[in-house]
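1. Dropping a prediction and its sequence here:
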Amino acid sequence: MTPRPADDAEFLHGLLESLARIEVRGYGLLRELGATPVRRVDTTGGGAQNPVWTHIRQRLLGIPVARAAHTEAAYGAAPLARDGPQCFVSLAI
């Protein structure tokens, strides 16, 4: 990961911007494959606690990004394991 900026904050910001661009591309590919366009992202895990990361994602995605009611990283996987992919349909509406 070179060249690396001397400023650690600048380096972290670049990493977060890159991850958000990957997320944007992923949602775009899903839409191209026929998925319902995402209108809001409720996020879990440690990143849900970071307002800078949330702002970057919201800016690049162009939709609201909010902290989920339950922010434990595994919480997002639990409804999927229980109900299958249809459990997330309501999030896209």
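-> Received, thanks.
2. Run the chain-centre distance for the lowest-mean-pLDDT helix or strand in the chain.
-> Here the helix or strand of the chain ranked lowest by mean pLDDT, DSSP states H and E is helix 77-83, holding a mean of 78. Between the centre of helix 77-83 and the centre of its chain there are 18 Å (C-alpha atoms, centre = their mean, to the nearest Å).
3. L15: which element?
-> helix 8-32 (DSSP states H and E).
4. Can you name the element that comes right after that helix?
-> strand 41-43.
5. What is that next one packed up against?
-> helix 51-61, strand 65-67 (3 or more C-beta pairs under 8 Å, 6 or more residues apart in numbering; DSSP states H and E). Quick note: C-beta positions are derived from backbone N, CA and C, even for glycine.
6. Show the average pLDDT along the last one.
-> What strand 65-67 shows for mean pLDDT is 93.
7. name the helices or strands packed onto that strand?
-> Strand 65-67 packs on strand 41-43, helix 51-61, going by 3+ C-beta pairs under 8 Å, 6+ apart.
8. Could you tell me which strands sit next to it in the sheet, and their orientation?
-> strand 41-43 (parallel) (DSSP bridges).
9. if we look at the partner strand, which residues are touching it?
-> 54, 57, 61, 63-69, 71, 91 (C-beta atoms under 8 Å, 6 or more residues apart in numbering).
10. what's the farthest-apart pair in those residues?
-> L61 and A69 (19.8 Å; C-beta to C-beta).
11. what's around A20, how many residues?
-> Counted with other C-beta atoms under 10 Å, residues neighbouring A20 total 19.
12. How about it, nearest residue that isn't a chain neighbour?
-> In space, and not counting its chain neighbours, A20 is closest to L60: 4.4 Å by C-beta to C-beta, 6 or more residues apart in numbering.
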